[in-house]
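Trainee: mind looking at a prediction? Sequence and model below.
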Amino acid sequence: MSTITLDPIDRVAERGFPGYVVRKDLVRKFKNQYPVPTYVVEFLLGKYCASTDEAEIEEGLQVVERQLRDKAVRSGEEELAKHRAKEKGSVKIIDIITARLDAKTDSYVAELPSLRLRNVRIKAEDVKEHDRMLTGGFYAEVEVGYDPAIAQESAGRAFGVESLKEIQLSKRDVLQDLYDGRTFFTADEWKAFLIRSVGIEPSSMSARAQDVMILRMVPFVEKNYNMVELGPRGTGKSHLFQQISPYAHLISGGKASVARMFVNNSTGQRGLVCQYDVVCFDEVSGVSFDQKDGVNIMKGYMESGEFSRGKESIKADGGIVLVGNFEVDVEHQQRVGHLLGPLPTEMRNDTAFMDRIHAYLPGWELPKIHPHEHLTDHFGLVSDFLSECWTHLRNQSRVPTLYGRVTFGGALSGRDLTAVHKTVSGLIKLMHPDPTQPVQDETLEWAVRLAMESRRRVKEQQKRIGSAEFRNTQFSYILGEEGVEKFVPTPELHSENSIGSDPLPPGHIWTISPGGNDEQSGLYRLEVNEGPGSGVRILNRPSPAPFSESTKYAEQNLYSRAKELVGDRDPREHEFSVQLRAFDHGKSGSGLGVAVLLGLCGALLQRSLKGGLLVVGAVNLGGSLDPVYNAVGIVELAIEKGASLVLLPVSARKQLNDLSDEMATKVSLLYYSDPKEALIKALEG
């Protein structure tokens, strides 16, 4: 057995969760040898190897090896196992057990796939106690008996279930252990430990990919949570829903039965959404229902958590997760269609169906899993303990954490707010499982931004289909009573060197230098930040002389026109730091005085300027505006860079009569006659 070097997180885990940790490399060793899912292997490893002592682990491994060798039936050994049952009277196996009602005999029969037996006798009381075997089944240690007398009967069922024991924790009240163990970890350590607990090594992933991995776990802790994940093959999309938790059920592509999913009208048997916490459709592009109204039934269920059977309305809390492959380039897909294109035909262009999706997880942000790089060899929580905790956390809500602390912008509809609330609640439960522990602003903001981004991604696809009701996608929030409104983009819509439709943070502004002296016009982004102190500092070193001059003129105009620009705020009591970022030909930053002035005002007022706005114009010490000589070229460059609004001096209006009709339809022009009018027209809202 190989040994590992324990790192600080392993040491913390050892102290925080004695008896509940397992080395994940040991899990893979057995998973590859025996035909059982991860949580079955971890159940046994957690029982015999939940230790950091190498001798105890070695001894436990031998026990697990023996259990799996003797009870897991490999393909091709079915007849050997049946032979042993006949010779000894019974045999114990580890298998997934399902059952059905045989109406002809008014009895239940079980199916044991590893023995290829479909008609195994089972007591009605066993079925009643474990009714999950009537839907997707569950893994159990099953003692299968053989009765030679029954074998002699016509249509006799020689094999029968003598006893069965679920492969799950016997202890159900586990949350307090989770609460206690979590206190040993910092937020970053806990996030890494959660990711290790599902078998992935966080140090092999970017911080962004780690966040997406945590988002993947939300359906396990939040009731009726609907999520879509589309991404490349090999990123582990179905692994979490198939291997980690017995409370999740995976449906591979193909026909989905309404009776199996929701309710069987002939028997009254409740379906998968009633039996499991999460129902995941794998290879979703190939999924279709056996009834025409199947998608409508699912759409109604995703909205309300209810479905009808005749006059009876049935409530359930199983979440719906749709995962599928998405191999094309994301930017190209957005040019030719939308990011929900891989969904089945009856879903992909249905904006009402999309509206039921609480989060769109960007699977393309996750790496393809390479065993030697991305799978962890360190300690993680035993899957059975983790999944048991997760299913209990579903009974809690953390939405009250938002009350009085976060205000959402007007672009969010009622369904948007519901989606964001559920995602935030789930993320906080994952990161801070104990409801009595305070949630810091930093963690709350992290959850809010991730939740808003994953919901906005849904809204953007609705907008692309062309529905007018979904056009406003500029999601924003304010943290705290005196907080600043912040806008949350979706990264795939944002290019670093182009102007997006979202407002920038206060003090940040897009601008174009008119050029001159053999320098072409160029795109810049100004970033002005405000703090205690006095004066204006340019962070660029060395600072181009023309830009220093523009900044000096802007500063003097701010001081001399303070009352009309920023009201009762005294700019001399604040220090401003200004940074200029060039994106193409221009490097000098000449003629940017108006943009710098608006940046200073925006930072002081803590107000964003309009989304998609680009500011043009220079101002002199006296407050007069310099003429713009190449207005058409500047506006054409602004359109090329993605601007939807251009703010420029009114003296340029006549020149822009020469702007082509094609260009004129792509941008709105706003004119100003002095700096105050420029600020009024530029401010968001």
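Mentor: Noted; the coordinates are in hand. Residues are numbered from 1 along each chain as shown.

Trainee: looking at it, residue 608 is touching residue 682, isn't it?
Mentor: No. Counting by C-beta atoms under 8 Å, residue 608 stays clear of residue 682, with 9.7 Å between them. Quick note: C-beta positions are derived from backbone N, CA and C, even for glycine.

Trainee: buried ones in the helix or strand harbouring residue 302, by neighbour count?
Mentor: Applying DSSP states H and E as the criterion places residue 302 in helix 294-304. Within helix 294-304, the residues scored as buried using 16 or more other C-beta atoms under 10 Å are 294, 295, 297, 298, 299, 300, 301, 302, 303.

Trainee: same check, this time on stretch 583-598
Mentor: 583, 586, 588-598.

Trainee: go through the residues you listed and flag which are in strands.
Mentor: Within the buried residues of stretch 583-598, no residue falls in strands by DSSP state E.

Trainee: quick one: these as TSV, columns for pLDDT and distance to residue 501 too.
Mentor: Below are the buried residues of stretch 583-598 laid out as TSV (pLDDT from 0 to 100; distance: C-beta to C-beta, whole Å):
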residue	pLDDT	distance to residue 501
583	83	18
586	73	23
588	86	29
589	88	25
590	90	28
591	92	26
592	94	23
593	95	26
594	96	22
595	96	19
596	97	23
597	97	24
598	97	19
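
Trainee: can you list these in a markdown table and add distance to residue 626?
Mentor: Listed next are these as a markdown table, based on distance: C-beta to C-beta, whole Å:
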| residue | distance to residue 626 |
| --- | --- |
| 583 | 22 |
| 586 | 16 |
| 588 | 15 |
| 589 | 14 |
| 590 | 10 |
| 591 | 7 |
| 592 | 11 |
| 593 | 8 |
| 594 | 9 |
| 595 | 13 |
| 596 | 13 |
| 597 | 13 |
| 598 | 15 |
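
Trainee: next, give me the two most distant ones among those.
Mentor: 583 and 597 (20.8 Å; C-beta to C-beta).

Trainee: phi, psi for residue 222 please.
Mentor: phi -130, psi 130 (degrees, to the nearest 10).

Trainee: and if you look at residue 488?
Mentor: As for residue 488, its main-chain torsions (degrees, to the nearest 10) stand at phi -110, psi 110.

Trainee: that one against residue 456, yeah?
Mentor: Yes. Proximity of residue 488 to residue 456 meets the contact threshold set by C-beta under 8 Å, at 6.4 Å.

Trainee: can you map out the strands along the stretch 51-200 of the chain?
Mentor: Remark: strands assigned in the stretch 51-200 of the chain by DSSP state E, counting those that start in this stretch are 90-102, 107-112, 117-121, 138-146, 159-166.

Trainee: now render the ones you listed as TSV, adding distance to residue 34.
Mentor: Listed next are those as TSV, based on distance: least, C-beta to C-beta, whole Å:
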stretch	distance to residue 34
strand 90-102	8
strand 107-112	16
strand 117-121	19
strand 138-146	12
strand 159-166	18
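
Trainee: to residue 558, which of the ones you listed lies closest?
Mentor: Here strand 138-146 is closest among these (C-beta to C-beta), at 68.9 Å.

Trainee: okay, and the residue nearest the centre of the chain sits in which element?
Mentor: Here the mean C-alpha position of the chain is nearest to the C-alpha of residue 215 (C-alpha atoms, centre = their mean), at a distance of 3.6 Å. Assigned by DSSP H and E, residue 215 belongs to helix 207-216.

Trainee: if we go by neighbour counts, what in that helix is buried?
Mentor: In helix 207-216, counting by 16+ other C-beta under 10 Å, buried: 209, 210, 211, 212, 213, 214, 215, 216.

Trainee: could you do stretch 347-364 as well?
Mentor: Under the neighbour-count criterion of 16+ other C-beta under 10 Å, stretch 347-364 has 347-351, 353-364 buried.

Trainee: just the residues you listed: which are in helices?
Mentor: Using DSSP state H, the members of the buried residues of stretch 347-364 that fall within helices are 347, 348, 351, 353, 354, 355.

Trainee: mind pulling up the pLDDT for the fourth one?
Mentor: At residue 353 the predicted local distance difference test score is 91.

Trainee: for it, give me its contacts.
Mentor: Shown in contact with residue 353 (C-beta atoms under 8 Å, 6 or more residues apart in numbering): 295, 299, 302, 347.

Trainee: pLDDT score assigned to residue 315?
Mentor: Taking residue 315 on its own, its pLDDT is 93.

Trainee: low-confidence bits of the stretch 551-685 of the chain, can you list those?
Mentor: 685 (pLDDT under 70).

Trainee: mind listing the strands for it?
Mentor: Ranges of strands in the stretch 551-685 of the chain, per DSSP E, counting those that start in this stretch, are 574-582, 613-615, 645-649, 668-672.

Trainee: rebuild those strands as JSON lines, extending it with mean neighbour count and distance to residue 40.
Mentor: What follows is the strands of the stretch 551-685 of the chain, written out as JSON lines (neighbours: other C-beta atoms under 10 Å; distance: least, C-beta to C-beta, whole Å):
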{"stretch": "strand 574-582", "mean neighbour count": "19", "distance to residue 40": "54"}
{"stretch": "strand 613-615", "mean neighbour count": "28", "distance to residue 40": "58"}
{"stretch": "strand 645-649", "mean neighbour count": "24", "distance to residue 40": "59"}
{"stretch": "strand 668-672", "mean neighbour count": "16", "distance to residue 40": "61"}
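
Trainee: residue 579 touches residue 526, doesn't it?
Mentor: Yes. Residue 579 is within contact range of residue 526, at 7.4 Å (criterion: C-beta under 8 Å).

Trainee: check this protein for its longest helix and report it.
Mentor: The longest helix of the chain (DSSP H) is helix 441-465.

Trainee: that one - contacts with which helices or strands?
Mentor: With contacts taken as 3 or more C-beta pairs under 8 Å, 6 or more residues apart in numbering; DSSP states H and E, helix 441-465 sits against helix 207-216, helix 351-355, strand 359-362, helix 414-431, strand 476-479.

Trainee: give me the distance between the first one and the centre of its chain.
Mentor: To tie it back to what came earlier, the one meant is helix 207-216. The chain centre lies 7 Å from the centre of helix 207-216; the measure is C-alpha atoms, centre = their mean, to the nearest Å.

Trainee: same question for the last one.
Mentor: Going by C-alpha atoms, centre = their mean, the spacing between the C-alpha centre of strand 476-479 and its chain's C-alpha centre is 19 Å.

Trainee: cool, and the third one?
Mentor: How far strand 359-362 lies from its chain's middle: 5 Å, per C-alpha atoms, centre = their mean.

Trainee: the very next helix or strand once past that strand: which residues count as buried?
Mentor: Reading on from strand 359-362 to the C-terminus, the next helix or strand found by DSSP H and E is helix 371-374. For helix 371-374, burial by neighbour count (16+ other C-beta under 10 Å) applies to residue 374.
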